[in-house]
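Participant: Show me the folded form of this:
(chains A and B)
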Amino acid sequence: MSRSRNDPEDRRPSDVDLPEAEVARRLHRTWATPRTLKDALSTVDHKIIGRRYIATAFVFLILGGLLALAMRLQLAAPEARIIGPDRYNQIFTMHGTTMMFLFAVPVMEAVGVFLVPLMIGTRNIAFPKLNAFSYWIYLAGGILLWVAFAVDVGPDVGWFAYVPLAGPEFSPGKRADIWAQMITFTEVSALAVSVELVATIFKQRAPGMSLDRIPVFVWAMLVTSFLVIMAMPAIMVASTTLILDRLVGTHFYNPAEGGDALLWQHLFWFFGHPEVYIIFLPAVGMVSTMIPTFSGRPIFGYLALVMALIATGILSFGLWVHHMFTTGLPRLGESFFTASSMSIAVPAGVQIFCWIATLWAGRPQMKAPLLFICGFIFTFVMGGMTGVMVASVPLDSQVHDTYFVVAHFHYVLIGGALFPLVAAIYYWLPKATGRMMSERLGRVVFGLIFVGFHGTFFPMHILGLMGMPRRVYTYQPEMGWGGINLFVSVSALVLAAGFLLFFIDVFRSARSGPLAGPNPWNAPTLEWATSSPPESYNFLRIPVVSSANPLWDDPDGPSVASGLNIDRRELLVTSVVEALPEARESSPTDSIWPLFAALATAILLIASIFTPWAVVWGALPVTLALICWFWPKGEPEDEA
Amino acid sequence: MTAPTRHRPAPPARLFLLAPLVLSNCSGVQSALDTAATAAGHLRLLILSFTLICGVVWLLVMVMLGWALLRRRPAATDAGTQRRLTIAVSVCVAATVVIVGGLTTLSFLATRTLGSGEGEIEVVAVGQQWWWQFLYPAGGFQTVNELHIPVGRTVRIRLESPDVIHSFWVPSLSGKVDMIPGRTNALTLKAERPGLYRGQCAEFCGLQHSHMAFTVIAEDAATYARWMVEQARPARTPDTSHPDTSEAEAGRAVFLVKPCAACHTVRGTRAVGTTGPDLTHVGSRRTIAAGLLDTTRGTLAAWTADPQTLKPGTTMPLVPLTSDELRQVSAYLESLK
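Facilitator: All right, here's what the predicted structure looks like:
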C-alpha cells in the first residue's frame, strides 16, 4: 500500500516482503473456485459469473436470431402459409423480447461484470453475492420465457405489450403475464448489476486512477448503470400495474373505467428509450477503448467523449415521446420532443469525430476488431441519419410502424451495438480464454456479417416507404413487396452464416487458438497488465496508476501497492475522485445462498402469475434464503 | 385490388439522391412517395430532402473516415497536430449543430402545413378487430372498409376504436394517426385527384393486423353525390317475379333465419346486429374481409363457408350452411348493390 499502516491489526498475513510465488500460491488458495459442482454454483468470482452471463446472453442471441430467420422464411413470399398468425405473433414478440431483455442489455452488463474490475485494477466486483444472484435470476427469467414459448404460451402482444391489446379483455390466458413477469426478472438482475458496477467504479479503483484516468468503457458502464437505475423503475411500475390489471382486476389501463391506454405507452417508453442507450453506451465505450489500441495513440478528446456519454445519458430521458408521435398528442409537446430527439445527434457526432480524429492522428492497424469498428461507424452513422428522420413529427407520421423503422433500429442496434460487441469479443476474448481468434476467419466473418446485414436491412427502408407496416405475418401479392422481401430473406441467411462462422471461430480459438500472452494487442489499459486468462485474484499486487494509459506510459509495467491480506479475501477501497487509498475491505467468500434466494424468488414470481397468494407464501422461502445469505460469519470487523 | 399507377416526372432533387434508382422504385399500391394529396406531397418532399441532406452528411463522414484510415502518414507527427485536430473536430461538431438545427426547422415548417383542423365533410372512422367502419353522419349510413370522399374537398375524419389501438394510414394521402380506445383523434384528407388509395392498419392490433386494409375512393362531386344517395337507401329487396333473383330471395330468407342477422345489419330487413360489418350495400363494395378478397359471388361464398381458413382468427364464426343455402346466401349478398 502506498502509505504505511502501523495499527496492531496489521500483523495478519499480508503480501509485504513475500516472494511472488508464495503470494500467488496463497492468493490462489484464498480466491480460487475449486472445480466441484457445489463450488461452481456458489462462486462469486466476477470473471466466472461474467463469462456465464455472456455465454447465456449469446445463447439467447442465437435463439432470437433463429426466430428472425423463421420470420424471414414466412415473409419471403406473399401470403405464405408456413407460419400462422398466432405463432407469428409469438415469434416476433419473442424475438424483440429476447433480443432486448435477454440479450442486448444483459450482454452489455455482463461484459461490464467481467471487464470493469480488471480495467480498474481490483480483485472482485462490489457485492459479489448479489452479482451471483443477479445471474441466476436472469437465467430463471430467460428460461421462464422460453419454456412458455415452447409450450405455446409464449407472449404474443409485442415486446412493447401495448394495452388494451395486452390487457385482460383482449389477451386472455397467461401469455401476456409471462411477458410482464419476465420483465421483473430481467429488471431485478439489471438493477443488481448496475448497483454493483456503480459501487465498484466509485470505490474500488486502483490507487491513482482518478476520474480523468478511468478507461472510457468504464465511464460508459457507469453512465449506463445510472440509466438503468433511473429507467427501470418506470418499466417495473408499468409491468406491475399490467399484472394487477390482468390478475387482480384493477383498471389502470381500462378506458371504460377511467384508466388510460396511453399511460402505458408513456411508462413503457420512459424506460424504453433510455433502454436503447443502455445498450448503446457500453458499445461506444468499447469502441473508445479499442480505437487507441489499434491507432497506437491515446484517444483524442477524452473529456469530450466522457461528456458526450453523460450528455447522451441525460438527453435519453427526454426523448420517449418520439415513439408516440402518431398518438395525437398536443403539437407543442411533440415539437419539444422533435428538438430533443434531434439534439442527441450532437453528442453522437462528438464521439464519431473524436474516433475519426484518433484514427487520423494514429497509425491504424486493420485487425479484426478495428474492421468491425469501421463497419460500426459506417452502419451506425446511417442509423443515426434515419434516426434524425424519424425524429421529425411529420416525417415520422409516414414511416412510423413501418419497415422503415424496423430498418432504422436494426441499423442502430446491430450496427451501433452488435458490431462493437463482436469487435469487443475479438479484442477481449483472448483475455478471457488466453487464446487468440483467427484474423483470417475474422475477415471472412466481417465480410459475411457486413454484406448480410446491409442486404437484410437496407431494403427494409424502401419497403417501409412503399407502405409495408411492421408486425404483419403476411402481405398480399398485389402490394408489390414480394421481390424485395425475398431478397431480404436471402440476405438474412448470409448474415446468419456470418454469425455461425463467428461462433465456430470462438469455440475453435478457445480450444486451440494461439496463446495470447498478457497483452497481445499492446493495449494501454490495466486488464492487460495481468495474465490471460487472469488468475482468480486478478492481480498479484494491486497496480498503482499514474496516467490514463498506464501500460504505455510505464514501459516496465505499473508500480504496485502491497499490504493487502492474502489469507482472506480483501480489496482496496479508494476515494471517489482521486482514488486515494482509504481502507482495506473484506470481500465475501463463495456462497450457495444467492442461488437458493434466486430460486425462491423465481418460484414466488412465477407462482404469482397464477395466484396472488404466491406473494404471501412465496415470501417465506425468500426470507429464509436471505436470512441464511446474510447470517453473520463471526469474521473480524473490517478496518475503517 | 389495384390502384391506377401514377408516374410523374422526377423532380430535379431526385437526381442528386444517393440511391435514385432505389427511391424511384418506391411507387406502388400503398407508397408514401406516390402521393395524391397536398399534405402527402409535402411529406414526400420532406422525406426526399431529409434523405438528400442526411445522405450527403453520411457521405462526408465516410470520406473523413476513409481519409483517416488511408492517408499517407509522415514519419513523425509534428507538434501542431493536436491543435489542428481540435479545430477540425470543433468545426465538425458545430456543423452537426447547424445541420440538426436546420432539419429541426424544416420539420417544424412541414408540421405547420399539415392541418388537422376543420373540414367541409365529417366522417367517423372506427377501427375494429379487424375491419374498418366508416360512419357518414350527413347521410345517416355507414359503410365498411371503403371510404368515399369527393376530390378537392377537405374531409375531417374522426378516429375512434372500441377495442384495441389501431392506426389509420393512407400513405398516398396523409400520414398516420392512431385510433385509441377512450380517446378521439382526428385527421383531414384532401385528395387532389380521383383514384383508389389503399390504406392499412399501422398499429399492431392482434391476429389479423396483417389483413386490415381499406380503400379510399376519391371521386368527382357528381359521382360522390350519387354514391351518397345510393348508400342512404335501404337494401334492395330481390324481385321475386324474376327467375334470376329467386335464388337471392331464398338467400335473404336463409340470412335472416341463420345466425347471420345476429351480428350483421341489412337496413330494411330484420337483420340489425351490430357486432359485424353492416352489409346493406356489401355487393357494391370492391373488397370483402378488409381488403382480403375482391367482391365476387365466389369470394362471398368462400368467405361465408370458411372464414377461419381465409383469415385465421377473424371474429366471423363458421356458420354451418348446406351447399344450397351457401349458394343462395352468396347470391343474396352479391345482390346487395
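
Participant: wait, isn't residue A:191 in contact with residue A:232?
Facilitator: Yes. Counting by Cβ atoms under 8 Å, residue A:191 sits close enough to residue A:232 to count as a contact (5.5 Å). The C-beta positions use only the backbone N, C-alpha and C, and glycine is treated the same way.

Participant: Between the two, which has more neighbouring residues?
Facilitator: Neighbours around residue A:191 and residue A:232, counted as other Cβ atoms under 10 Å in any protein chain shown, are more numerous at residue A:232. The numbers are 22 against 18.

Participant: How about the contacts made by the nearest residue to that one once chain neighbours are set aside?
Facilitator: With Cβ to Cβ, 6 or more residues apart in numbering or on different chains as the measure, residue A:187 is the residue that lies nearest to residue A:232, at 4.8 Å, once sequence neighbours are left out. If you count contacts by Cβ atoms under 8 Å, 6 or more residues apart in numbering or on different chains, residue A:187 has them with A:232, A:235-236, A:239.

Participant: Next, name the residue at the spatial heart of chain A.
Facilitator: What sits nearest the mean C-alpha location of chain A, by Cα atoms, centre = their mean, is residue A:108, with 2.1 Å.

Participant: For that residue, give its distance to chain B.
Facilitator: 24 Å (Cβ to the nearest Cβ, to the nearest Å).

Participant: low-confidence ranges in the stretch 1-150 of chain B?
Facilitator: The stretch 1-150 of chain B contains residues with pLDDT under 70 at B:1-27, B:75-78, B:115-116.

Participant: still on that earlier bit, next one: the residue nearest to residue A:232 from residue B:129, what distance?
Facilitator: Using Cβ to Cβ, to the nearest Å, residue A:187 is found at 31 Å from residue B:129.

Participant: In chain B, what residue spans correspond to strands?
Facilitator: B:121-128, B:131-136, B:141-144, B:146-150, B:155-160, B:166-168, B:177-179, B:185-189, B:195-200, B:213-219, B:287-288, B:293-294 (DSSP state E).

Participant: Any chance of those strands in a markdown table with distance to residue B:228 and mean neighbour count as columns?
Facilitator: Compiled in a markdown table, the strands of chain B are given as follows (distance: least, Cβ to Cβ, whole Å; neighbours: other Cβ atoms under 10 Å in any protein chain shown):
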| stretch | distance to residue B:228 | mean neighbour count |
| --- | --- | --- |
| strand B:121-128 | 10 | 20 |
| strand B:131-136 | 7 | 21 |
| strand B:141-144 | 8 | 22 |
| strand B:146-150 | 8 | 21 |
| strand B:155-160 | 13 | 21 |
| strand B:166-168 | 21 | 29 |
| strand B:177-179 | 24 | 26 |
| strand B:185-189 | 17 | 22 |
| strand B:195-200 | 18 | 24 |
| strand B:213-219 | 11 | 23 |
| strand B:287-288 | 20 | 22 |
| strand B:293-294 | 24 | 16 |
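
Participant: For residue A:463, find the nearest of these.
Facilitator: Of all these, it is strand B:195-200 that lies closest to residue A:463, at 13.0 Å by Cβ to Cβ.

Participant: partners of the closest one in the sheet?
Facilitator: Strand partners for strand B:195-200, identified by DSSP bridges, are recorded as strand B:213-219 (antiparallel).

Participant: relative to strand B:131-136, how tilted is the partner strand?
Facilitator: Angle of strand B:213-219 versus strand B:131-136, following axes from the mean of the first three to the mean of the last three Cα atoms, to 10 degrees, is 30 degrees.

Participant: hey, what's the residue nearest the centre of chain B bridged with?
Facilitator: Central residue of chain B (Cα atoms, centre = their mean): residue B:199, 1.4 Å from the mean position. Each beta-bridge partner of residue B:199 is listed here: residue B:214, as defined by DSSP bridges.

Participant: Select, out of the strands of chain B, the one closest to residue B:334.
Facilitator: Each of the strands of chain B was scored for nearness to residue B:334 using Cβ to Cβ, and the closest is strand B:287-288 (10.5 Å).

Participant: so where's chain A shaky on pLDDT?
Facilitator: With pLDDT under 70 as the threshold, chain A has low-confidence stretches at A:1-12, A:634-640.

Participant: try it again with 80
Facilitator: Applying pLDDT under 80 to chain A picks out residues A:1-14, A:555-557, A:633-640.

Participant: hmm, stretch A:362-380 in reach of chain B?
Facilitator: Yes. Using Cβ under 8 Å from any Cβ of the partner chain as the criterion, contacts between stretch A:362-380 and chain B involve A:363-364, A:366, A:374, A:377-378.

Participant: Touching, residue A:509 and residue A:440? I think so.
Facilitator: No. Residue A:509 lies out of contact with residue A:440 (Cβ under 8 Å); the separation is 11.8 Å.

Participant: Residue A:254 contacts residue A:242, correct?
Facilitator: No. In this structure residue A:254 lies outside contact range of residue A:242 using Cβ under 8 Å: 11.3 Å.
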